[in-house]
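>>> Take a look and give me a structure for this.
(one chain, ligands or ions: 2)
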Amino acid sequence: MITVEKALEIILAESQDFGVEKIPFMESLGRVLKEHIGADRDFPPFDRVSMDGIAIDYDTYKKGDITFPIESIQAAGAEQLSLKSQQNCIEVMTGAVVPKNVDTVIPYELVEIKDGKAELSTDTIKQGQNIHRKGLDRKQDDLLIKQNTIISSAEIGVLATVGKATVKVAKQPKVMIVSTGDELIEVDKIPLNHQIRRSNVYMLVALLQELKIQADTAHINDDKAILKQKIEGYLLDYDVLLFSGAVSKGKFDFLPEILEELGVKKQFHKVKQRPGKPFWFGAIGPFRINDMKIGNGNHKTTIFAFPGNPVSTFVGCLKYFYPWFRKSIGIQYVNEDHAILSEDFTFQPALTYFLQVRLQNENGRIIGTPVKGKGSGDLANLADADGFLELPADKTEFRKGETFPLIRYRQY
Ligand code: AMP
Ligand code: MG
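Ligands and ions are numbered 1, 2, ... in the order given. Okay, here's the model as predicted:
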């Protein structure tokens, strides 16, 4: 059985490129940018008034004038005016172009306006004040956003301002999420005593939505022939298959043998971890299945088959699928989240333990308090916690105050 570290290494080595697509910029939130974004013009693009007030020629003020007849009004969005007489002023609005023949803006707060004249009520005026000079923030063609940036609301604003109505982003993989099991019924049905609703699929769909992936879903009963036939079709149509269930030692856990019969190359089955030990991982392609050429011949399908216990599936997706996906779309992502254990904790088996914790921010220190559930089937416990502390396999005693890697699924 391999370690968690080795499993992740193998998985990351199987990352793949899904290409690039152009989409409307307002659909790009959370996607990964696949072009450099430069300034289309200087920022600001003209000498910009940065306070509502009056604009004067500083030399006139310097000669002793403090009263300036108002000549005109320069509004934002209007073409540049020109001061005709040096003795006068122009009222100017924030965001307007600084008029010609003026060089200093005095805010309304420091001016008294009466009978069409503005009188200064301050004697501390600096030449050039309250003018945001052309190109001060950024020059035309300066790099504003680097390729491979995850687009946040900040980048949306920058894309808008440089006129990028459509942007190049990493294409998302085509993902199929499959649940297995005769005991599972749909969410809107009333279960019989021996049945449960199929929750893992929706949990996985939601986890992928957080990555802006729209996955398809299917359910297959524990019937080997049907499983095999359906999966063969999915291997042709999808870049990724995420399975939940049917990879353990049960009489009806058919997935490992079916996947291998279909020619999927097993990379590993079982990882030294709890929960989620029976995790199966493999890939097929780029080549043919049963002599059928797949797609453009470059098609590859990567298979993450998580054990069906909800906590196993959940942590498996976060620990393994998330980094694989990030690497695939070009993000150099290393999880550097850590949290401090709030109390002593013991875990005997020589397995990496994913400890469910509730998180608290204490003066900038992230504290993780164990949320004791009833094991990997305790789905409700996920809702009580915020993340998992990854406790290393080579220790059994974990002390209060020690820091461990954190996989967080909830921000506060
Ligand atoms: P398995 O990995 O198929 O042996 O399933 C392990 C446990 O997880 C069993 O108790 C299943 O009923 C449960 N389980 C499997 N798949 C799902 C699912 N999609 N939603 C909720 N529970 C599941
Ligand atoms: Mg099952």
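
>>> Look through the protein and tell me its longest strand.
strand 352-362 (DSSP state E).

>>> That one packs against which elements?
strand 273-274, strand 365-370, helix 380-384, strand 387-391, strand 403-408 (3 or more Cβ pairs under 8 Å, 6 or more residues apart in numbering; DSSP states H and E). No exception for glycine: its C-beta is placed from N, CA and C like everyone else's.

>>> Can you point out the buried residues in it?
By 16 or more other Cβ atoms under 10 Å, the buried positions in strand 352-362 come out as 352-357, 359.

>>> Need the nearest residue in space to Pro44, chain neighbours excluded.
His132 (5.5 Å; Cβ to Cβ, 6 or more residues apart in numbering).

>>> give the contact list for Asn300.
Wrong residue type there; residue 300 is Lys, not Asn. Contacts for Lys300 (Cβ atoms under 8 Å, 6 or more residues apart in numbering) come out as 16, 239, 283-286.

>>> Take those and, keeping just the buried ones, write it as a ChimeraX select command.
For the buried members of the contacts of Lys300, the matching ChimeraX selection, counting by 16+ other Cβ under 10 Å, is:
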select :16,239,283,284,285
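
>>> Any figure for the gap between Asp47 and Ala78?
14 Å (Cβ to Cβ, to the nearest Å).

>>> whoops, I mixed them up, Val187
From Val187 over to Ala78 (counting by Cβ to Cβ), the distance is 58 Å.

>>> Neighbour count for the two, which is higher?
Ala78 (13 against 9; other Cβ atoms under 10 Å).

>>> I'd guessed the more buried one sits against Pro99; true?
No: using Cβ atoms under 8 Å, Ala78 is not in contact with Pro99; the gap is 9.9 Å.

>>> Which pLDDT value goes with the residue of the stretch 301-412 of the chain found nearest ligand 1?
Proximity of the stretch 301-412 of the chain to ligand 1 (Cβ to the nearest ligand atom) peaks at Gly308, 2.5 Å away. We note a pLDDT of 95 for Gly308 in this prediction.

>>> OK, contacts around the residue lying closest to Arg198 once chain neighbours are set aside?
Using Cβ to Cβ, 6+ apart and skipping the chain neighbours, the partner closest in space to Arg198 is Leu184 (3.9 Å). Contact partners of Leu184, counting by Cβ under 8 Å, 6+ apart, are 195-198, 219.

>>> Go ahead and build a ChimeraX selection from the buried members of these.
Burial among those is assessed by 16+ other Cβ under 10 Å; the matching ChimeraX selection reads:
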select :198,219
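
>>> what are the bridge partners for Asp216, then?
Per DSSP bridges, the residues bridged to Asp216 are Met176.

>>> again, but for the one 4 residues further on
In this entry, Ile220 is beta-bridged to Thr180, by DSSP bridges.
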